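K.L.:
coords please:
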Amino acid sequence: MSANLKSIEALRAFRASLIQFIEDASSALQSMGMELQKSREWIEHDRPQYWTIQTRRAFDLVSQTRTAYETCRMRTVAGHRPSCLEEKEAYNAAQRRVRNCQEQIEHVKRWANKLQHETDEFRGRFARLQMMLESELPKAVARLDRLASILESYAEMDAPPPKTDQSK
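P.N.:
Below you'll find the predicted structure:
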């Protein structure tokens, strides 16, 4: 294979760009790792805790609204019982809230499992790229540096003297 290298400076500029790429890519990977950790923390710790608290509050509300509904049903006003529609609707809404909170806990568990799987997949790809950034690309930079030095040395050499025809 032959190369038609027009400028050693272009080779050095490519080397500098490769170094910048390594720095930028390493920084991006580090940021992605931190964002992934924050996301895992949120899904695995923050959300379960939040929905557990919300479920407890929802059960407390069910208890309160059930008591209010039963109290209303036991009352008699002027010989007849009130309809207690508002109390019954509040009780039903509180029960729906409990079911919703319990569903959210299940959703969070499923998402935590899915996130764990995706995290493992990402870390595998991440490790390969990290190894390339830490090992392979620095070797390429060193090779480019050596190549540029060799080419500069070659360019500085004097051209060989022209051959003279001594057979005459």
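K.L.:
tell me the contacts of residue 145?
P.N.:
By Cβ atoms under 8 Å, 6 or more residues apart in numbering, the contact set of residue 145 is residue 15. The C-beta positions use only the backbone N, C-alpha and C, and glycine is treated the same way.
K.L.:
how far away is it from residue 11?
P.N.:
9 Å (Cβ to Cβ, to the nearest Å).
K.L.:
Check residue 66 too.
P.N.:
According to Cβ to Cβ, residue 66 stands 80 Å off from residue 11.
K.L.:
what do you get for residue 47?
P.N.:
Computed as Cβ to Cβ, the residue 47 to residue 11 distance reads 52 Å.
K.L.:
Surely residue 45 is in a strand?
P.N.:
No: with DSSP: H, G, I helix; E, B strand; the rest coil as the criterion, residue 45 is helix rather than part of a strand.
K.L.:
Would you mind measuring from it to residue 115?
P.N.:
12 Å.
K.L.:
Look at the two and report which has more neighbours.
P.N.:
residue 115 (18 against 11; other Cβ atoms under 10 Å).
K.L.:
give me every residue that touches that one.
P.N.:
By Cβ under 8 Å, 6+ apart, residue 115 lies in contact with 39-40, 43-44.
K.L.:
How about the contacts made by the residue nearest in space to the middle of the chain?
P.N.:
In the chain, the centroid-proximal residue (Cα atoms, centre = their mean) is residue 36; its distance is 3.6 Å. The contact partners of residue 36, by Cβ under 8 Å, 6+ apart, come to 119, 122.
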